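Undergrad: Would you be able to build a 3D model of this:
(one chain, ligands or ions: 2)
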Amino acid sequence: MLAKDSVIYVAGHRGLVGSAIYRNLSDAGYTNLLTRTHAELDLTDATATERFFAEHKPEFVFLAAAKVGGIVANNTYPGEFIRENLMIQANVIHSAWKNGVKRLLFLGSSCIYPKFAPQPMKEEHLLTGPLEPTNRPYALAKIAGIEMCWSYNRQYGTKYLSVMPTNLYGPGDNYHPENSHVIPALIRKFDQALQTGADTVTVWGTGSPRREFLYSEDMADACVFVMNLPDEKYDLLLGSDESVSGKFEPPLLNVGVGEDVSIRDLAGLIGNTVGFDGKLEFDATKPDGTPRKLMDVTKLHSLGWRARTSMDQGLKRAYADFRKTQLA
Ligand SMILES: NC(=O)C1=CN([C@@H]2O[C@H](COP(=O)(O)OP(=O)(O)OC[C@H]3O[C@@H](n4cnc5c(N)ncnc54)[C@H](OP(=O)(O)O)[C@@H]3O)[C@@H](O)[C@H]2O)C=CC1
Ligand SMILES: C[C@H]1O[C@H](OP(=O)(O)OP(=O)(O)OC[C@H]2O[C@@H](n3cnc4c(=O)[nH]c(N)nc43)[C@H](O)[C@@H]2O)[C@@H](O)[C@@H](O)C1=O
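TA: Ligands and ions are numbered 1, 2, ... in the order given. Below you'll find the predicted structure:
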């Protein structure tokens with residue numbers, strides 16, 4: 001468990017989730033937070049990463065640094081997504097082990113589950129079927145990260161856990177027109193339509209895929225909650241050695257809200273939040289991706305954590321954040 005003066009490294013502290021973890025820890029009175037920007041420490045550089053760990057000896061690590069993007073970014077830059085994610089996570093996990101990190105949370109993604117996994121997707125559905133092609137390189141990197149945490153736990157007795165967030169959104173999101181995820185992309189498109197008086201907004205794909213969305217500050221809260229679990233609960237999440245237990249139990253924990261929405265309905269909600277009452281047009285030349293990605297969050301709920309922010313509240317806050325970036 002964390003102490004207020006524990007040395008805690010938040011990797012990716014300027015990103016959507018990392019910044020929310022940093023704020024959460026800082027607001028809760030943790031005083032010894034370690035951070036480095038990408039420019040200060042490139043985590044794909046093994047030597048620099050090991051030097052940083054050896055010098056600063058973090059006790060706890062939140063691994064929220066990654067190459068991240070929406071469906072088209074994943075599909076356009078597959079080489080970057082697989083290479084950078086494999087390297088970042090391998091360097092951080094290995095350096096953490098070499099330097100005696102007590103607990104590490106590796107942030108994966110719900111896209112690790114098979115494209116047609118039963119819904120809602122349970123932790124045990126990992127590696128049970130083919131992946132969605134638009135993000136397979138990213139998903140395979142994340143699966144390798146889970147396996148690395150699991151292998152190090154088995155071989156070296158480390159306590160590394162992989163948390164699988166559903167799709168996230170919130171303050172500090174990436175609002176890039178092509179490379180972002182659906183919520184920041186649609187916030188931007190609806191806002192632009194409002195500003196320019198356009199009467200139509202184009203939504204990618206057919207509108208029929210369903211997604212689950214978690215507010216980034218809830219995600220951060222879940223990460224801090226899990227990092228703070230007492231040993232008797234935390235240790236049960238670390239995965240078992242199949243050769244001993246005979247069971248497939250990876251060190252995995254789904255983090256989500258347990259409810260989903262179609263992209264068409266999501267567009268309606270964002271339109272209402274922004275105040276756009278024009279028409280929606282669907283661009284079927286853009287990929288739909290996985291038909292449905294709904295997490296089973298029974299395990300997380302049984303530990304005593306639930307998401308607090310409703311979509312309505314979350315979207316209002318996210319839109320306010322977008323407007324701030326436009327005024328800056
Ligand atoms: N956003 C989402 O919907 C989802 C995200 N996730 C996972 O959650 C985690 C956080 O994602 P999110 O906050 O959205 O991502 P962001 O893109 O917002 O932030 C990523 C962070 O990683 C840092 N980073 C990237 N490459 C490097 C590198 N080579 N060396 C050092 N730092 C690097 C960036 O640093 P800098 O700011 O200095 O450039 C940035 O702070 C990731 O593991 C992601 O896969 C999982 C599911 C959904
Ligand atoms: C979090 C998750 O994010 C990625 O997967 P994804 O869930 O498919 O992510 P997305 O947010 O980009 O799209 C969700 C849905 O929304 C539709 N959609 C409509 N209109 C826009 C739009 O304007 N932009 C975007 N991006 N999508 C749109 C889009 O066509 C799709 O059907 C992974 O690659 C991987 O990175 C990952 O782990």
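
Undergrad: how about the strands in this structure?
TA: Here the chain has its strands, by DSSP state E, at 8-11, 33-34, 60-63, 103-107, 160-165, 167-169, 200-204, 210-211, 213-215, 252-255, 261-262, 279-283, 292-293.

Undergrad: I'd like to know which of those strands lies nearest to residue 136.
TA: Proximity to residue 136 (CB to CB) singles out strand 292-293 among these, at 14.2 Å. In this view, the C-beta of every residue, glycine as well, is placed from N, C-alpha and C.

Undergrad: Determine the set of other helices and strands touching that closest one.
TA: Helices and strands touching strand 292-293, by 3 or more CB pairs under 8 Å, 6 or more residues apart in numbering; DSSP states H and E, are strand 210-211.

Undergrad: what packs against the strand it packs on?
TA: The contact analysis (3+ CB pairs under 8 Å, 6+ apart) places strand 210-211 against strand 261-262, helix 263-274, strand 292-293.

Undergrad: Enumerate the residues of the protein near ligand 1.
TA: 12, 14-18, 37-38, 41-44, 64-68, 84, 88, 107, 109, 165, 167-168, 174, 181 (CB under 6 Å from any ligand atom).

Undergrad: so of the residues you listed, which ones are in helices?
TA: 16-18, 84, 88 (DSSP state H).

Undergrad: now, which of the residues you listed sits nearest residue 5?
TA: residue 18 (20.8 Å).

Undergrad: Look through the stretch 151-300 of the chain and state the residue closest to ligand 1.
TA: residue 168 (3.6 Å; CB to the nearest ligand atom).

Undergrad: Isn't residue 278 up against residue 192?
TA: No: with contact defined as CB atoms under 8 Å, residue 278 does not reach residue 192; the gap is 11.7 Å.

Undergrad: anything in contact with each of the two?
TA: Taking CB atoms under 8 Å, 6 or more residues apart in numbering as the criterion, residue 278 and residue 192 both touch residue 198.

Undergrad: Tell me how far the residue nearest to residue 142 when sequence neighbours are not counted lies from ligand 2.
TA: Leaving aside its sequence neighbours, residue 142 sits nearest to residue 108 (CB to CB, 6 or more residues apart in numbering; 4.2 Å). Between residue 108 and ligand 2 the computed distance is 9 Å (CB to the nearest ligand atom, to the nearest Å).

Undergrad: So residue 108 sits against residue 161, correct?
TA: No: applying CB under 8 Å as the test, residue 108 and residue 161 come out as separate, 10.3 Å apart.

Undergrad: Just name the most buried of the helices and strands packed on strand 210-211.
TA: Counting by mean count of other CB atoms under 10 Å, strand 292-293 has the highest mean neighbour count of the helices and strands packed on strand 210-211, with a mean of 20.

Undergrad: contacts for it?
TA: Contact with strand 292-293 is made by 110-111, 113, 119, 121, 166-167, 209-212, 260, as judged by CB under 8 Å, 6+ apart.

Undergrad: could you dump the strands of the chain to JSON lines with mean pLDDT and distance to residue 232?
TA: Below are these laid out as JSON lines (pLDDT from 0 to 100; distance: least, CB to CB, whole Å):
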{"stretch": "strand 8-11", "mean pLDDT": "99", "distance to residue 232": "22"}
{"stretch": "strand 33-34", "mean pLDDT": "98", "distance to residue 232": "27"}
{"stretch": "strand 60-63", "mean pLDDT": "99", "distance to residue 232": "18"}
{"stretch": "strand 103-107", "mean pLDDT": "98", "distance to residue 232": "14"}
{"stretch": "strand 160-165", "mean pLDDT": "98", "distance to residue 232": "15"}
{"stretch": "strand 167-169", "mean pLDDT": "98", "distance to residue 232": "29"}
{"stretch": "strand 200-204", "mean pLDDT": "98", "distance to residue 232": "46"}
{"stretch": "strand 210-211", "mean pLDDT": "98", "distance to residue 232": "35"}
{"stretch": "strand 213-215", "mean pLDDT": "98", "distance to residue 232": "27"}
{"stretch": "strand 252-255", "mean pLDDT": "98", "distance to residue 232": "16"}
{"stretch": "strand 261-262", "mean pLDDT": "98", "distance to residue 232": "37"}
{"stretch": "strand 279-283", "mean pLDDT": "97", "distance to residue 232": "50"}
{"stretch": "strand 292-293", "mean pLDDT": "98", "distance to residue 232": "32"}
